[in-house]
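# Structural data only, the sequence is not supplied:
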């Protein structure tokens, strides 16, 4: 892990006189920026039994997250959004469709009427839903990889000419009236007759004999939106296994006027990739860009931290001197709570804070792993947004004890938005050096002589 100078110190931590002590690790002394090498060094020389106050730094910065698996759940996302803080972000979808049975037949002489894709909203969206977006659909020219995990940065080749283009005003909460009956919110797009005829021509051929043959013949669709929008825009969720998410072939038999329809659904066996793009954060907030691309991200991240789902951004947190506490005295941590307040100056009704965050640790290979406190359940561990206090709380008692005991490496923690592949949430948090309600670590511990 790259080393950085410590930008400032947190508040009083190691006053020892009684056996049970409360220490709140937070930011109160900004003047320490001028002497970063001395921060926390007093921990080494203090002797138990003396009244003393030592300092301990909390460091944090925003970093790029890892791509997320995108095909295990029943929801995917589509849309583009011009976020005033995080910049432009976009979600697109690569998806297959399935045969409903082997040795399928459309009849003796099917004639195309139309080919329509419908996609059902889940009711969830992020941003400004009424902004019009230009939806485009392309036929895939290669198959989606047949592998267990498909990540949010993967792409699949497609033919250059769209099979559909539509100016769409997303309406994820509006029911749809069809023949005097109200149905769940969804939208339908008519695809090109050329693609419809391709499916008609598959009738009576090996393409309809089984799923592998069909996927070789018709590999699927790429559903996306134009990058440019007039307004803020939104990213909206789709229910992929729902009734109205399907590819419908409308046809009739030659010489007959009876309309027929066959649906090619999306199922749990369908391979899908939700592609998420951030456009390099070219138009993001300057403090965010400084953390992502600057030379001293810990300094830039001292006041604000930026979290973004969809495998985009996470906040890395480090307590650089916590392990030294064990070298000073025989200490047992009774309780440790990490408190991360919302940066209220960035509150926006269009971009509500995520309902939940998750906290993980880094292992020896800098891979994220669960921390010990997670085993006691969500109520104990925390992570839910406290709307009244406008903050997130985590219990990390067991984790810090393991670090002090040398059972796990002291590589720091990372906080991310939960269910990152199924929501477009983001949030700005107060960093450990914020002048107002800073991130802090509250510890109750016992010293044994």
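Received it, and whenever you're ready, just let me know what you need. In this text, all values refer to a predicted model and were calculated from it rather than measured experimentally.
# residue with max distance from the center of this structure?
Distance from the centre of the chain peaks at residue 255, with 52.8 Å (Cα atoms, centre = their mean).
# What is the longest strand of this protein by residue count?
Counting residues, the longest strand found in the chain (DSSP state E) is strand 110-127.
# I'd like the distance between the closest residue to the residue farthest from the centre of the chain other than its chain neighbours and residue 200.
For residue 255, ignoring the flanking residues on the chain, the nearest one in space by Cβ to Cβ, 6 or more residues apart in numbering is residue 109 at 7.4 Å. In this view, the C-beta of every residue, glycine as well, is placed from N, C-alpha and C. Separation of residue 109 from residue 200 (Cβ to Cβ, to the nearest Å): 10 Å.
# who's more crowded, these two?
residue 200 (18 against 13; other Cβ atoms under 10 Å).
# In this structure that one contacts residue 249, no?
Yes - Residue 200 is within contact range of residue 249, at 7.5 Å (criterion: Cβ atoms under 8 Å).
# Can you work out which residues contact both of those two?
Residues touching both residue 200 and residue 249 by Cβ atoms under 8 Å, 6 or more residues apart in numbering: 106, 112.
# Relative to residue 73, how far out is the residue farthest from the centre of the chain?
46 Å.
# can you pull out the strands in the stretch 201-350 of the chain?
221-225, 233-239, 246-253, 260-265, 272-277, 304-308, 313-318, 330-341 (DSSP state E, counting those that start in this stretch).
# Figure out which of the ones you listed is closest to residue 439.
Closest to residue 439 of those is strand 330-341 (Cβ to Cβ; 5.1 Å).
# Count the residues that sit near residue 258.
By other Cβ under 10 Å, the residues close to residue 258 number 6.
# Quickly note the distance from the residue nearest to residue 255 to residue 190.
As judged by Cβ to Cβ, residue 109 and residue 190 stand 23 Å apart.
# and the residue nearest to residue 223 when sequence neighbours are not counted, backbone torsions?
In space, and not counting its chain neighbours, residue 223 is closest to residue 93: 4.6 Å by Cβ to Cβ, 6+ apart. Main-chain torsions, residue 93, degrees, to the nearest 10: phi -140, psi 130.
# Isn't residue 93 up against residue 78?
Yes - under the criterion of Cβ under 8 Å, residue 93 makes contact with residue 78 at 5.7 Å.
# So for those two, which sits in the more crowded spot?
A count of neighbours by other Cβ under 10 Å puts residue 78 above the other of residue 93 and residue 78, at 24 against 21.
# And the pLDDT at the spatially closest residue to residue 250 that is not a sequence neighbour?
Among residues not flanking residue 250 along the chain, residue 113 sits closest, at 4.1 Å (Cβ to Cβ, 6+ apart). With respect to pLDDT, residue 113 has a value of 98.
# Neighbours of the nearest residue to residue 423 once chain neighbours are set aside, how many?
Leaving aside its sequence neighbours, residue 423 sits nearest to residue 309 (Cβ to Cβ, 6+ apart; 5.4 Å). Residue 309: 27 surrounding residues under other Cβ under 10 Å.
# next one: residue 80
Count around residue 80 with other Cβ under 10 Å applied: 25.
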